[in-house]
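Engineer: need a structure here:
(one chain, ligands or ions: 1)
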Amino acid sequence: MSLLSRMTAPAARHDVARLVATLLSPHQGAVRTAAPAELPTTAARSKGPALPAGPTGLGTSAARIGRRGTAVAGGGAAGVPELYCPPALRDDRALGEEVNARLVAWAEGIGLYAGRLDRVRAADFGRLMMLAHPDTDDPDRLLAAGKCALAEWATDDYYCDDETMGSAPALLGAHLGLAYAAVDPTHPPLRHARAVERAMREDPVRVALRSGFTHLARYAEPDQLARLHHEVAVLFVGYGQEGSWRSQGRTPEVWEYLAHRQINSFLPCVAMTDVVGGYALPAAEYGDPRVRRAVTMASTAATLVNDLYSMAKEHHSSGVEFNLPGVVAAEERCSPREAVERSVEIHDELVRAFETEAAALSLTGSPQLRRFLAGVWAWLGGNRAWHAGSPRYNG
Ligand SMILES: CC(C)=CCC/C(C)=C(\C)COP(=O)(O)OP(=O)(O)O
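Structural biologist: Numbering: from 1, shown residues only. As a prediction, the model looks like this:
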């Protein structure tokens, strides 16, 4: 069979034609100001294969989107203007509380954030998982994802940017190297195995990373796990980059900071969307450069939401803090208010680009890709809603 005869183009359908017409037509009047709750082209369609809204099969009906709770808008912390971002798809407070209680109990059990657990409890990372992953209401899957996220946050706090937790620029590289070994186990010759094991157990961040990823591995296929290892390695490169600026006392340019926020980002969390949802996006689609472009734009935007909402907290911190408005203000010599407005524009541009490109990709990709991109859109909504309400940023 020739290569040409094996290549199959998807048959043109009405929805493809509609999308092409939408993309080609100039915006009629103003650009839409409120982001839709569901990513265009991924909502249930009247024709074509239906996209399951959650795990399918016997006993899984409880895990469908919208079964419990209601959609929630982001709300707004003082000083953060309206963002182009979908609303959270559900707000199941009881589920969030359950996941948060289990997460804090886990952290306590392994000695993570010892003496500061009240702040961890109040930040309510369980609620973040509940809001960001509306296509499951299995508390254990949400807990596994929450452990990984909290462990990644702890890596940042303990090693990178919180001197009161022991961070020191000179130690950063050594710490991150061992932290990565806690995620993707190192395999030393036998005579060194005990020393490695001791090192993995003696530091709460390493214990947390190892425990979190071991838990997640129950739900992830090997290629999904390899994908997450890659995203964590990239995250740690970003931590190192920030450490370098900090030790040099240098403020990056805006373009450089944005490239940084793509890697020092929520991507390791966003990339778990299918694992948490109970399906597997094929590796070839996750790695497709068009998918990667869309997903990284979304995760950068989600991370800029963090920059905007954490400004007040960072303003009161004693150390050097980086965020987009600060970098914009330094480069453009503008007021803090103007820098915030400019940062919002950058955020919104990324979200709109994701919306358009993901909608197009959804039409030609697999059902799993369609569901994954819809999940990323939902993640954006949950992330913004959490930042708008968490005492971590609104205290
Ligand atoms: C959960 C996860 C993958 C985190 C990685 C990146 C990270 C620590 C953030 C996006 C948060 O940034 P920041 O250091 O500014 O954190 P806070 O504002 O202190 O929450």
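Engineer: How about the residues of the chain by the ligand?
Structural biologist: 149, 152-153, 156, 161, 235, 264-266, 268-269, 303, 306, 310 (Cβ under 6 Å from any ligand atom). The C-beta positions use only the backbone N, C-alpha and C, and glycine is treated the same way.
Engineer: With respect to pLDDT, which of the residues you listed ranks lowest?
Structural biologist: For the residues of the chain next to the ligand, the weakest pLDDT value sits at residue 161, with 84.
Engineer: burial measure for that one, as a count.
Structural biologist: 20 (other Cβ atoms under 10 Å).
Engineer: Centre of the chain to the host helix or strand of residue 347, how far?
Structural biologist: Using DSSP states H and E, residue 347 sits in helix 336-364. On the basis of Cα atoms, centre = their mean, to the nearest Å, helix 336-364 sits 15 Å off its chain's mean C-alpha point.
Engineer: mean confidence score for it?
Structural biologist: 97.
Engineer: now the angle from the following helix or strand past that helix to helix 336-364?
Structural biologist: Next helix or strand after helix 336-364 toward the C-terminus (DSSP H and E): helix 367-389. Going by axes from the mean of the first three to the mean of the last three Cα atoms, to 10 degrees, helix 367-389 is angled at 160 degrees with respect to helix 336-364.
Engineer: circling back: show me how to select, in PyMOL, the buried members of the residues of the chain next to the ligand.
Structural biologist: Buried members of those can be picked out in PyMOL with the line below, counting by 16 or more other Cβ atoms under 10 Å:
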select buried, resi 149+152+153+156+161+235+264+265+266+268+269+303+306+310
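Engineer: Just the ones of the residues of the chain next to the ligand in helices?
Structural biologist: 149, 152-153, 235, 268-269, 303, 306 (DSSP state H).
Engineer: Now do the helices in the stretch 101-250 of the chain.
Structural biologist: 117-123, 125-132, 139-155, 172-183, 190-201, 204-217, 222-248 (DSSP state H, counting those that start in this stretch).
Engineer: Tell me the buried residues in the longest one?
Structural biologist: Read that as helix 222-248. Those would be 224-225, 227-228, 230-232, 234-236, 238-243, 245-246, for helix 222-248 by 16+ other Cβ under 10 Å.
Engineer: what packs against it?
Structural biologist: helix 139-155, helix 172-183, helix 204-217, helix 254-263, helix 267-270, helix 273-277, helix 283-287 (3 or more Cβ pairs under 8 Å, 6 or more residues apart in numbering; DSSP states H and E).
Engineer: Adding distance to residue 368 as columns, could you present those helices in JSON lines?
Structural biologist: Converted to JSON lines, the helices and strands packed on helix 222-248 look like this (distance: least, Cβ to Cβ, whole Å):
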{"stretch": "helix 139-155", "distance to residue 368": "17"}
{"stretch": "helix 172-183", "distance to residue 368": "24"}
{"stretch": "helix 204-217", "distance to residue 368": "18"}
{"stretch": "helix 254-263", "distance to residue 368": "24"}
{"stretch": "helix 267-270", "distance to residue 368": "15"}
{"stretch": "helix 273-277", "distance to residue 368": "7"}
{"stretch": "helix 283-287", "distance to residue 368": "7"}
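Engineer: Skipping its backbone neighbours, what lies nearest the closest residue to the ligand within the chain in space?
Structural biologist: Nearest to the ligand, among the residues of the chain, is residue 310, at 3.3 Å (Cβ to the nearest ligand atom). Of all residues not flanking residue 310 in the chain, residue 393 sits nearest, at 5.4 Å (Cβ to Cβ, 6 or more residues apart in numbering).
Engineer: got it, and residue 257?
Structural biologist: Closest to residue 257 by Cβ to Cβ, 6+ apart is residue 327, at 4.5 Å.
Engineer: so the one you found sits in a strand?
Structural biologist: No: going by DSSP: H, G, I helix; E, B strand; the rest coil, the assignment for residue 327 is helix, not a strand.
Engineer: now the helices of the stretch 101-250 of the chain in JSON lines, with distance to residue 291?
Structural biologist: Listed next are those as JSON lines, based on distance: least, Cβ to Cβ, whole Å:
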{"stretch": "helix 117-123", "distance to residue 291": "31"}
{"stretch": "helix 125-132", "distance to residue 291": "19"}
{"stretch": "helix 139-155", "distance to residue 291": "20"}
{"stretch": "helix 172-183", "distance to residue 291": "23"}
{"stretch": "helix 190-201", "distance to residue 291": "34"}
{"stretch": "helix 204-217", "distance to residue 291": "21"}
{"stretch": "helix 222-248", "distance to residue 291": "12"}
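Engineer: do you know which of the ones you listed lies nearest residue 378?
Structural biologist: helix 125-132 (7.1 Å; Cβ to Cβ).
Engineer: Which strands and helices lie in contact with that closest one?
Structural biologist: helix 93-110, helix 139-155, helix 367-389.
Engineer: May I have that helix as CSV, with CA atoms only?
Structural biologist: Taking C-alpha atoms only, helix 125-132 is exported to CSV below (Å, rounded to 0.1, in the frame of the first residue of the first chain):
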residue,chain,number,x,y,z
PHE,A,125,-5.7,22.9,47.4
GLY,A,126,-8.4,20.2,47.6
ARG,A,127,-10.8,22.8,46.3
LEU,A,128,-8.4,23.6,43.4
MET,A,129,-8.5,20.0,42.4
MET,A,130,-12.3,19.8,42.6
LEU,A,131,-12.7,23.0,40.6
ALA,A,132,-10.1,22.2,38.0
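Engineer: Kind regards, and thank you for your time.
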